[in-house]
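In: Next one to model:
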Amino acid sequence: MQIPFDTPARKWLIAAIAVSLAAAYVGLAGTLFLAAWFGERAELTSLQRAVRFDPANANYRNHLGRYYELVARDPAAAIGPYTEAIRLNPHSARFWFDLASAYQVRGDVANQTAALEHAIEADPTTPDVAWEAANLYLVQGQNEKALREFRVVMANDNSLIPAAVQFCWRINPDVDALLRDVVPHRSEDYIAFLEFLMSKQETAASTKVWDALIQSGERFERSHVFDYFNYLIRHKEVDEAVLVWRQGASRFGLDSYLPSSSNLVINGNFSLDILNGGFDWQHQKQKSVELTLDPRDFHGGRRSLQIVFDGPRVEDAGIFQYIPVQPNTTYELSAYYKSADLVGAGGPHLTVQDMYAPKTIYYDSDDMKETGYWKSVGGEFTTNADCKLVVLHVRRIPVGSPIRGKLWVDDFRLKKK
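Out: Here you go, the predicted structure:
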């Protein structure tokens with residue numbers, strides 16, 4: 001069906017309608033532009049004009065409420081605009097939070113709680129929402145609800161896990177309850193909890209978190225085994241360190257790094273990669289000492305450890321190994337060494353020291369010098385009544401004068417006599 005426009009009256013009517021629609025559109029666009037312009041200005045009159053120009057925009061009303069609450073310090077005046085914003089958009093958790101904040105300042109706990117519940121209902125899994133909800137619940141003293149929201153935070157934002165863990169421990173320092181009801185069963189959360197407990201020297205609690213991590217089967221980095229192992233060693237928890245090392249070996253395919261009854265020294269012939277952690281060899285950079293694995297000159301395996309000395313006051317080669325032992329037990333230690341152009345007063349020696357006592361319980365009289373061939377060195381020592389962990393070192397005795405040259409060591413063995 002075609003509508004004829006062949007009369008002047010009809011043409012003028014169509015033109016008038018088009019002009020009216022265009023004017024209405026321009027007017028609306030201009031009004032919305034002015035509302036947006038005024039809405040960006042943090043001034044009371046500007047925000048009021050933004051609301052007047054665009055009364056259906058919930059954001060402008062919320063901005064006006066925030067002005068009353070935060071700038072004018074008048075939370076009572078803020079409640080009206082906040083309520084209007086929620087009427088226009090009841091699905092915004094931010095609007096409900098702002099309303100709850102105004103009620104909190106006024107001391108209206110009932111309305112604050114109701115607004116807070118609406119905010120969580122509007123957005124139950126977003127970590128920012130849960131974080132604010134948890135903190136408002138803390139202020140109210142509603143600890144169970146705060147813990148519930150901190151669980152949401154941990155489950156949805158890894159960056160907030162450490163801070164959430166600290167709050168949870170402050171609320172309820174019960175590791176069993178937190179593991180059961182609050183901490184999500186993920187490696188990220190377990191490790192953050194473990195690191196926090198270690199920082200607080202909560203050794204018994206950290207053991208429970210580690211057990212939960214292992215039992216969860218969740219994947220995590222091998223470095224966390226080393227970190228927790230070192231913590232246990234520092235706190236004299238040798239038995240637990242042995243267990244953690246076995247668990248780590250099983251988890252990361254490190255069974256070759258477990259001791260045996262025939263040799264308590266791990267990786268004694270340096271055939272395996274040096275892990276620099278756990279019960280494997282560890283090394284610390286020492287001035288005037290260089291450590292290198294030498295695949296060209298070795299005694300029993302397929303490479304040896306080459307130690308190059310070049311300077312004064314060398315006390316330690318920087319290579320050592322923790323070895324768990326039994327009290328009141330005699331052990332036999334042996335190794336092989338070779339030197340080249342090694343000059344200076346005294347020389348390198350094998351030493352064994354109780355980890356938690358200053359006394360050296362084994363000192364080899366051979367200074368491992370002046371030999372161009374592989375030569376055996378070793379002897380016996382007996383542990384003290386409370387000794388459970390010893391440290392095997394290569395040390396320079398005496399310390400004072402310079403020492404220069406090369407030393408190779410290989411085939412370390414330690415076993416009960």
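In: Quick one: the helices in the stretch 201-350 of the chain, in order.
Out: Secondary structure of the stretch 201-350 of the chain (DSSP state H, counting those that start in this stretch): helices at 203-216, 223-234, 238-252.
In: any idea how far the first one is from the chain center?
Out: Same thing as helix 203-216. On the basis of Cα atoms, centre = their mean, to the nearest Å, helix 203-216 sits 15 Å off its chain's mean C-alpha point.
In: And the last one, by the same measure?
Out: Centre-to-centre, helix 238-252 and its host chain are 20 Å apart (Cα atoms, centre = their mean).
In: and if you look at the shortest one?
Out: Between the centre of helix 223-234 and the centre of its host chain there is 14 Å, according to Cα atoms, centre = their mean.
In: Rounded mean pLDDT for it, please.
Out: Averaged across helix 223-234, the pLDDT comes to 98.
In: got the residue ranges for the strands in the stretch 151-300 of the chain?
Out: For the stretch 151-300 of the chain, strands defined by DSSP state E, counting those that start in this stretch occupy the ranges 282-283, 289-294.
In: closest one to residue 308 among those?
Out: Nearest to residue 308, of all the strands of the stretch 151-300 of the chain, is strand 289-294, at 4.3 Å by Cβ to Cβ. C-betas here are computed from N, CA, C, even on glycine.
In: could you dump that closest one to CSV, C-alpha only?
Out: Listed next in CSV are the C-alpha coordinates belonging to strand 289-294 (Å, rounded to 0.1, in the frame of the first residue of the first chain):
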residue,chain,number,x,y,z
VAL,A,289,85.8,-20.2,46.0
GLU,A,290,84.3,-21.7,42.8
LEU,A,291,82.3,-24.9,42.6
THR,A,292,81.9,-26.9,39.4
LEU,A,293,80.7,-30.4,38.5
ASP,A,294,83.5,-32.0,36.5
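In: elements contacting that strand?
Out: Applying 3 or more Cβ pairs under 8 Å, 6 or more residues apart in numbering; DSSP states H and E, we find strand 289-294 packed against strand 304-311, strand 316-324.
In: Of these, which is nearest residue 286?
Out: Taking Cβ to Cβ, strand 316-324 is the member of those nearest to residue 286, at 3.9 Å.
In: In that closest one, which residues are buried?
Out: For strand 316-324, burial by neighbour count (16 or more other Cβ atoms under 10 Å) applies to 316, 317, 318, 319, 320, 321, 322, 323, 324.
In: repeat for stretch 106-123
Out: Quick answer for stretch 106-123 (16+ other Cβ under 10 Å): 108, 112, 113, 115, 116, 118, 119, 120, 122, 123.
In: sorry, back to before: residue 187 is nearest to which of the helices and strands packed on strand 289-294?
Out: Here strand 316-324 is closest among those (Cβ to Cβ), at 25.7 Å.
In: Nearest residue to residue 201 in space, ignoring adjacent ones along the chain?
Out: Excluding its sequence neighbours, the residue lying closest to residue 201 (Cβ to Cβ, 6 or more residues apart in numbering) is residue 235, at 7.6 Å.
In: The one you found contacts residue 203, doesn't it?
Out: Yes. The pair residue 235 / residue 203 is scored as a contact, 5.3 Å apart, by Cβ atoms under 8 Å.
In: May I have the residues that are in contact with the closest residue to residue 200 other than its chain neighbours?
Out: With sequence-adjacent residues excluded and distances taken as Cβ to Cβ, 6+ apart, residue 200 is closest to residue 169, at 7.7 Å. When contacts are counted by Cβ atoms under 8 Å, 6 or more residues apart in numbering, residue 169 touches 178, 196, 197, 200.
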